[in-house]
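Enquirer: Predicted model, plus sequence, below.
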Amino acid sequence: MKTKDNQGPLWEVFTQKKQGQPFRHSGSVHAYDKTLAIEAARDLFTRRNEGTGLWVVKSEFIIDVQPEEADSFFEPAKDKIYRHPTFYDMPDGVKNM
Amino acid sequence: MKKNTEQLELEFQEKIDNEIKIEPKDWMPDAYRKNLIRQISQHAHSEVIGMQPEGNWITRAPSLRAKKILLAKIQDEGGHGLYLYSAAETLGVSRDTFLQWLHQGKAKYSSIFNYPTLNWADMGAIGWLVDGAAIVNQVSLQKTSYGPYSRAMVRICKEESFHQRQGYEIMTKMARGTKEQKQMAQDALNRFWWPALMMFGPHDSDSAHSSQSLKWKIKRESNDTLRQRFIDKTVPQAELIGLTVPDPDLELQPNGSYKTGEINWDEFWNVVKGNGPCNKQRLAHHKKAHDEGRWVREACLAFAEH
Ligand SMILES: [Fe+2]
Ligand SMILES: [Fe+2]
């Protein structure tokens, strides 16, 4: 924020559509503080009953994986196919498995 | 190991060809970034400037029902602007810079909003034709290659469907009303039909940005394809409510598609260049609202820092 006239910092908005469902990223808003941020998020992302829950978090606090590092970062999961049920040989005729 | 630009460009195009979305931190060619910045911000400005012609009728809406609907519709458009500004900002330009470019005339918005709204039926014509044309364009853009733009389009399309319906409902009511009301509806159609067709931009053969945009899948279909889709959807809707499309050359072809007369491109370019009926008024109003809101922004900022 350089000047005295701006739209405030950026916040990421997460909404929960129905009780019990996971929160999902909806988008972002500019706002000056947390009260204004959550009100702006409500007005922008839940105007049609799309929310039973709402989170906002300042975008600067989001930690993410850089695209260049993604390959090596997620690499450890690649060769562990035995974590999937389809890896295992099952005798013909086995039921309820 | 650092990859050279040529390699990066190849990998980039491969992703695009395989329908893999490009995300903000992914490598992208400078021209792709610039092209997106131009297109998304222009789209955002259009949503926001587009609130003015309809805002003109809020206080004179003919019923409380009509007023509530119009307010909700205009509020949606403001929201669309915000989704799109956020998508554009992920490309590394700040919200304030986008507004600055708009005020300096460096950024454009859709020319359709430089036409005045003269009677209540114009609220019908805008919802039906202007939002109708926007929907055809935006449905196609849901598949655009840039992730944040695509996600904004999906959200916007969900919200748009009521916009067109409320407009068509106004037109239907007026077309079936008194003789004077029907005349107003026809007059609104006469004034908005051609500018609505111009919303899709120049013919493919004259479109400066088109072929590269299609190759990068920023745009998924050409201007003429989208325009024809809109025409073919809309002409029967006009006929259904007894209105006449103001085109003496309009002709239904054996393949079910309509042939139209030529668009007045001199008018189109004249409005793009700033000489439409309301260009100055629209921009001046936006600047004024922004300037008059400055003290609010400053107060909020002071309070937040305090
Ligand atoms: Fe919109
Ligand atoms: Fe709309």
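Expert: That came through, no problem. Ligands and ions are numbered 1, 2, ... in the order given.
Enquirer: Which residue ranges of chain A form helices?
Expert: Assigned helices in chain A, in chain order: A:34-45, A:67-73 (criterion: DSSP state H).
Enquirer: ugh, typo on my part, it should be chain B
Expert: Using DSSP H, the helices assigned to chain B run over residues B:5-17, B:30-49, B:51-55, B:64-89, B:95-103, B:121-125, B:131-141, B:147-175, B:179-198, B:210-215, B:223-240, B:265-270, B:279-292, B:294-305.
Enquirer: what's the residue of chain A found nearest ligand 2 in contact with, if anything?
Expert: Residue nearest to ligand 2 within chain A (Cβ to the ion): residue A:47, separated by 13.5 Å. Heads up, the C-betas are built off the backbone N, CA and C, glycines and all. Shown in contact with residue A:47 (Cβ atoms under 8 Å, 6 or more residues apart in numbering or on different chains): B:75, B:76, B:79.
Enquirer: ok, now residue B:25?
Expert: Residue B:25 touches A:64, A:66, A:67, counting by Cβ under 8 Å, 6+ apart.
Enquirer: Is it possible to get CSV of these that adds pLDDT and neighbour count?
Expert: Listed next are these as CSV, based on pLDDT from 0 to 100; neighbours: other Cβ atoms under 10 Å in any protein chain shown:
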residue, pLDDT, neighbour count
A:64, 93, 9
A:66, 91, 9
A:67, 89, 13
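Enquirer: on that earlier part again, make a ChimeraX selection of whichever of the contacts of residue A:47 turn out to be buried.
Expert: To isolate the buried ones among the contacts of residue A:47 in ChimeraX, judged by 16 or more other Cβ atoms under 10 Å in any protein chain shown, type:
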select /B:76,79
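Enquirer: out of the contacts of residue A:47, which one sits closest to residue B:125?
Expert: Closest approach between the contacts of residue A:47 and residue B:125, by Cβ to Cβ: residue B:76, at 17.9 Å.
Enquirer: residue contacts, the closest one?
Expert: A:47, B:159, B:160, B:163 are the contacts of residue B:76 under Cβ under 8 Å, 6+ apart.
Enquirer: Residue ranges in the stretch 151-300 of chain B under the pLDDT threshold?
Expert: B:209 (pLDDT under 70).
Enquirer: Enumerate the residues of it near chain A.
Expert: B:151, B:152, B:155, B:159, B:294, B:297, B:298, B:300 (Cβ under 8 Å from any Cβ of the partner chain).
Enquirer: Scan the residues you listed and report the most crowded one.
Expert: Among those, residue B:152 has the most neighbours (other Cβ atoms under 10 Å in any protein chain shown), with 27 neighbours.
Enquirer: Hmm, that residue is touching residue B:83, no?
Expert: Yes - between residue B:152 and residue B:83 there is a contact under Cβ atoms under 8 Å: 4.2 Å.
Enquirer: Now the common contact residues for the two.
Expert: Joint contacts of residue B:152 and residue B:83 (Cβ under 8 Å, 6+ apart) are residue A:27.
Enquirer: that older thread, keep the contacts of residue B:25, but drop any that are not near ligand 1.
Expert: Among those, no residue lies close to ligand 1 (Cβ under 5 Å from the ion).
Enquirer: mind listing the strands for chain A?
Expert: A:10-16, A:24-30, A:53-58 (DSSP state E).
Enquirer: how about JSON lines for those strands, with mean pLDDT, distance to ligand 1 and mean neighbour count added?
Expert: Converted to JSON lines, the strands of chain A look like this (pLDDT from 0 to 100; distance: least, Cβ to the ion, whole Å; neighbours: other Cβ atoms under 10 Å in any protein chain shown):
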{"stretch": "strand A:10-16", "mean pLDDT": "97", "distance to ligand 1": "19", "mean neighbour count": "21"}
{"stretch": "strand A:24-30", "mean pLDDT": "96", "distance to ligand 1": "15", "mean neighbour count": "20"}
{"stretch": "strand A:53-58", "mean pLDDT": "97", "distance to ligand 1": "23", "mean neighbour count": "16"}
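Enquirer: Among the ones you listed, which comes closest to residue B:229?
Expert: Closest among these, using Cβ to Cβ: strand A:24-30, at 28.0 Å.
Enquirer: and the closest one with chain B, contact?
Expert: Yes - Strand A:24-30 reaches chain B (Cβ under 8 Å from any Cβ) through A:27, A:28, A:29, A:30.
Enquirer: what about stretch B:150-157 and ligand 1, touching?
Expert: No - applying Cβ under 5 Å from the ion, one finds stretch B:150-157 separated from ligand 1 by no less than 5.8 Å.
Enquirer: what residue ranges in chain A score low on pLDDT?
Expert: A:1-4.
Enquirer: how about 90 then?
Expert: Filtered on pLDDT under 90, chain A yields the residue ranges A:1-6, A:49-51, A:67-68, A:76-79, A:97.
Enquirer: Give me the local confidence score for the closest residue to residue B:24 other than its chain neighbours.
Expert: Of all residues not flanking residue B:24 in the chain, residue B:90 sits nearest, at 4.0 Å (Cβ to Cβ, 6 or more residues apart in numbering or on different chains). On the pLDDT scale, residue B:90 is placed at 97.
Enquirer: For residue B:149, see how far away residue B:90 is.
Expert: Using Cβ to Cβ, to the nearest Å, we find residue B:90 at a distance of 9 Å from residue B:149.
Enquirer: do residue B:115 as well
Expert: For residue B:115, the distance to residue B:149 equals 27 Å [Cβ to Cβ].
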